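Okay, sequence plus prediction incoming.
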Amino acid sequence: MDKEGVRERIQKLRREIDELRYRYHVLNDPKATDEVYDSLTRELKKLEVSWPELQRPDSPTQRVGGKALKKFEKIAHRAPMLSLTDAFDEAELRAWDERNRKLVPKGAAFEYFAELKVDGFAVSLVYEKGILQVGATRGDGRVGEDVTQNLKTVRAIPLKLREAEGPIEKITGRKLSSGAFARRLEVRGEVYMTKAAFAKVNREQRKTGEPIYANPRNLAAGSIRQLDPAVAASRELDFLAYDLVTDLGQERHDQKHAILWALGFKTVQPEARCETLEAVLKFREKVRTLRPRLAFGIDGIVVSVNQNDLYERLGVAGKAPRAAVAFKFPGKEVTTVVEDIVVQVGRTGILTPVALLRPVEVGGVTVSRATLHNEDEIARLGIKVGDTVVIQRAGDVIPDIMRVLPKLRPRRARAFRMPRQCPICGSRVVRVAGEAAHRCTNKNCAALAAQRIEHFASRRAFDIVGLGPETVELLMNHKFVRDPADLFALTAGDLASLERFAETSAQKLIASIQARKKLPLARFLYALSIPQVGEETAIDLAEHFGSLERAMGVSVEELKRVRDVGPKVAAAIHDWFGAERNRELVQKLLQAGVQIEKPKQGRQPLRGRVFVFTGGLETLSRDEAKEKIRALGGDVSGAVSKETDYVVVGSDPGSKYEQAKELGVPMIDEGQFLKLISK
Ligand code: IVH
């Protein structure tokens with residue numbers, strides 16, 4: 001065959017293989033046997049090996065075969081990947097509906113759209129010119145991880161979208177000015193595993209004596225978050241699309257689903273347009289009876305305002321859109337016995353009663369503890385030690401004690417009382433006025449200090465590897481560490497004097513502590529355990545104030561001007577920075593050598609510029625190069641697209657070089673790059 005002949009054969013094979021895949025994995029209507037599929041794929045592979053210049057990233061042979069990665073690149077989501085608020089019963093759903101009705105402008109007609117809530121792992125897929133470029137995890141909602149290699153192994157995910165202008169225009173009734181594939185197209189959905197595929201994996205695990213996986217959701221998520229794509233490829237993962245982020249003329253959510261289907265995705269079925277709340281409730285009933293017969297797990301339904309413009313107008317509260325709600329099914333129930341009730345002291349000094357349970361399996365995991373939240377909750381349940389209780393676990397959430405079975409109460413059942421003294425430090429415990437919580441009054445309570453240090457070291461804060469609760473306790477008991485700043489003064493010698501530490505693990509821990517001295521302001525603020533300041537608020541504060549000095553010195557009024565900061569949060573932050581000991585802690589950290597990276601607000605000559613690297617650099621590491629770009633306001637992406645401003649080409653460049661050439665993206669070498677960042 002000459003090259004033209006090969007090209008034609010390759011094209012035909014690709015089309016046919018993809019069609020078979022589509023029939024099997026999306027339409028669920030296989031037209032050929034696995035043998036035929038495999039045989040055609042083998043022929044294609046052979047041709048591509050002999051004619052590498054005819055290889056393309058969307059070829060069906062490109063689903064598996066990538067090498068294991070060292071780590072995942074970060075991907076910033078153009079639009080945040082939000083989560084949903086839960087409603088557990090009709091009353092909560094009605095409350096949600098009533099709020100919507102108040103917020104929707106008078107006279108605006110709207111309806112709801114109801115669909116299944118698949119119990120899987122959310123991902124975002126970005127297509128350029130109809131070809132899958134990047135697949136990313138949700139991450140913290142703003143920044144996820146580039147798991148493209150793994151997602152490509154999922155056969156229900158098209159590597160190439162179906163030609164679909166005509167069908168799309170029919171759905172929306174609008175002309176697509178530039179064609180669907182002319183632009184970057186973003187689709188979101190859920191990677192999941194069917195009940196059957198999950199059972200199969202666990203059967204194998206049992207056979208080989210390996211640990212049993214708790215549930216399909218975790219297994220699906222774990223498979224996608226593996227650095228080696230061979231793992232994901234070995235699992236039968238599936239994909240359902242539920243959101244089209246890109247505007248292709250759709251006015252309603254149901255049109256999004258129709259378009260996704262036309263583009264070649266499997267969409268969530270069944271679905272329903274509901275004019276009234278009653279219709280929503282009816283849909284849920286239908287789903288409830290259907291649920292045992294579904295091939296995959298669901299944990300409820302998602303109800304959204306169907307009119308996209310209203311959906312947008314209703315906006316976001318916290319991390320969730322107001323216009324949608326997860327209407328959950330109640331979880332699985334089992335009974336067990338409360339063997340004891342103990343009290344835990346948390347990071348902010350709050351005492352939480354915890355029931356120690358006779359271990360019991362519920363929804364696939366063994367449960368031996370359940371939080372009782374606070375004194376009022378204990379009173380509401382009327383619970384005593386020795387009681388038989390009903391516990392419930394919904395989805396992946398921590399189990400809840402639902403009720404007591406009083407007839408099974410033994411005579412020796414013991415009532416529980418909140419301690420008057422902190423179980424850790426013995427100081428007085430008070431109930432906070434106006435709240436249900438009890439709190440230890442000792443600001444130096446060891447429990448608080450330990451938890452603050454653990455939080456300080458946690459992944460999203462200083463990310464110190466190897467500093468778990470036991471190590472913190474050990475270090476505190478030996479008085480090596482009293483507050484987070486003491487960590488930086490630790491030496492390998494200190495640790496070596498402790499029994500538990502081998503020399504290598506001591507050195508590793510010290511190295512990990514010292515390696516984390518430099519970090520962005522948001523992480524630093526988050527790490528401090530300021531009451532009311534979670535990750536989101538820390539990011540907002542950092543963006544607003546730009547420097548630690550400013551954030552520390554401002555009034556409550558100024559704090560209230562920060563996005564999403566209300567009077568309560570503002571007061572908490574102000575109080576915290578007002579306290580002498582906290583200011584001392586901050587000073588001590590800075591003196592210990594902690595450095596806050598320059599926020600992206602100063603001089604930002606590279607603002608909005610997106611860089612992609614391919615190949616090795618001579619004078620600096622990739623991480624250093626990336627840091628430089630970010631410090632100057634630029635962004636680094638893991639994949640080349642039309643939005644890329646520069647591809648930095650090092651030695652031995654990879655496929656990104658070809659892609660850049662194809663897309664006409666400007667390419668620069670290391671020398672030009674260095675000049676650019678030193679300008
Ligand atoms: S819509 C604003 N639709 O549930 C978020 N989510 O609790 C838009 N999920 O992160 C989500 N099935 O991982 C939507 N049909 C469905 C879904 C669904 C499952 C997951 C998704 C999301 C989480 C929110």
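Good, I have the coordinates. Numbers count the residues shown, from 1 in each chain.

what helix or strand does the residue of the stretch 1-150 of the chain at minimum distance from the ligand sit in?
Nearest to the ligand, among the residues of the stretch 1-150 of the chain, is residue 122, at 3.2 Å (Cβ to the nearest ligand atom). All C-beta spots, glycine's among them, are computed from the backbone N, C-alpha and C. Element membership for residue 122, per DSSP states H and E: strand 121-128.

Output whichever helix or strand comes after that strand as PDB, nothing but the C-alphas.
Once strand 121-128 ends, the next helix or strand along the chain (criterion: DSSP H and E) is strand 131-137. Once non-C-alpha atoms are left out, strand 131-137 reads as follows in PDB (Å, rounded to 0.1, in the frame of the first residue of the first chain):
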ATOM      1  CA  ILE A 131     -10.700  16.500  20.100                       C
ATOM      2  CA  LEU A 132     -10.200  15.700  23.800                       C
ATOM      3  CA  GLN A 133      -7.300  17.800  25.100                       C
ATOM      4  CA  VAL A 134      -7.500  17.900  28.800                       C
ATOM      5  CA  GLY A 135      -9.500  16.000  31.500                       C
ATOM      6  CA  ALA A 136      -9.200  17.200  35.000                       C
ATOM      7  CA  THR A 137     -10.500  16.400  38.500                       C
END
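
Taking strand 121-128 as reference, get the angle to strand 131-137.
Strand 131-137 and strand 121-128 meet at an angle of 150 degrees, taking axes from the mean of the first three to the mean of the last three Cα atoms, to 10 degrees as the criterion.

hmm, back to that, packing partners for the strand holding residue 122?
strand 131-137, strand 185-193, helix 216-224 (3 or more Cβ pairs under 8 Å, 6 or more residues apart in numbering; DSSP states H and E).

Once you drop chain neighbours, what's closest to the residue of the stretch 1-150 of the chain closest to the ligand?
residue 138 (4.6 Å; Cβ to Cβ, 6 or more residues apart in numbering).

now swap in residue 305 and tell me
residue 323 (4.0 Å).

per-residue confidence for the one you found?
In this model, residue 323 is scored at 97, pLDDT.

Off-centre distance for the host helix or strand of residue 574?
When secondary structure is defined by DSSP H and E, residue 574 falls within helix 567-578. Distance, stretch centre to chain centre, for helix 567-578: 28 Å (Cα atoms, centre = their mean, to the nearest Å).

Could I get the contacting residues of the residue nearest to residue 122?
Residue 138 makes contacts with 81, 122-124, 144, as judged by Cβ atoms under 8 Å, 6 or more residues apart in numbering.

Next: residue 350.
437-439.

Equivalent analysis for residue 176, please.
Going by Cβ under 8 Å, 6+ apart, residue 176 touches 165, 168-169, 248-249.

before we move on, the earlier item: and the helix holding residue 574, what's buried?
569-570, 572-574, 576-577 (16 or more other Cβ atoms under 10 Å).

which other residues reach the longest helix seen in the chain?
Criterion DSSP state H: the longest helix present in the chain is helix 3-21. Helix 3-21 has contacts (Cβ under 8 Å, 6+ apart) with 1, 30-32, 36-37, 40-41, 43-44, 47-48, 50-51, 54, 59-60, 155, 158-160.

before we move on, back to that, can you report how many residues neighbour the residue of the stretch 1-150 of the chain closest to the ligand?
By other Cβ atoms under 10 Å, the residues close to residue 122 number 21.

again, but for residue 163
14.

doesn't it fall inside a helix?
No: Residue 163: not assigned to a helix; according to DSSP: H, G, I helix; E, B strand; the rest coil it is coil.

pLDDT score for it?
For residue 163, pLDDT reads 73.

got the contact list for it?
Per Cβ under 8 Å, 6+ apart, neighbours of residue 163: 130, 181.

I'd like to know how far it sits from the ligand.
Distance, residue 163 to the ligand, using Cβ to the nearest ligand atom, to the nearest Å: 26 Å.

got it, and residue 461?
Residue 461 is 24 Å from the ligand, by Cβ to the nearest ligand atom.

Tell me the confidence at the nearest residue to that residue once chain neighbours are set aside?
Once flanking residues are discounted, residue 461 sits nearest to residue 527: 3.6 Å by Cβ to Cβ, 6+ apart. We note a pLDDT of 95 for residue 527 in this prediction.

Most proximal residue of the stretch 251-400 of the chain with respect to the ligand?
residue 302 (4.0 Å).

Buried subset of the contacts of helix 3-21 as a ChimeraX selection?
With 16+ other Cβ under 10 Å as the criterion, this ChimeraX line picks the buried residues out of these:
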select :32,37,40,41,44,47,48,59,60,155,158,159,160
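
Narrow the contacts of helix 3-21 to those in helices?
36-37, 40-41, 43-44, 47-48, 50.

Run a quick neighbour tally on residue 444.
By other Cβ under 10 Å, 12 other residues sit near residue 444.

what secondary structure does it sit in?
Assignment for residue 444 (three-state DSSP): coil.

phi, psi of it?
Dihedral pair for residue 444: phi -100, psi 10, per degrees, to the nearest 10.

ok, the residue nearest to residue 305 - contacts?
100, 304-305, 310-311, 314.
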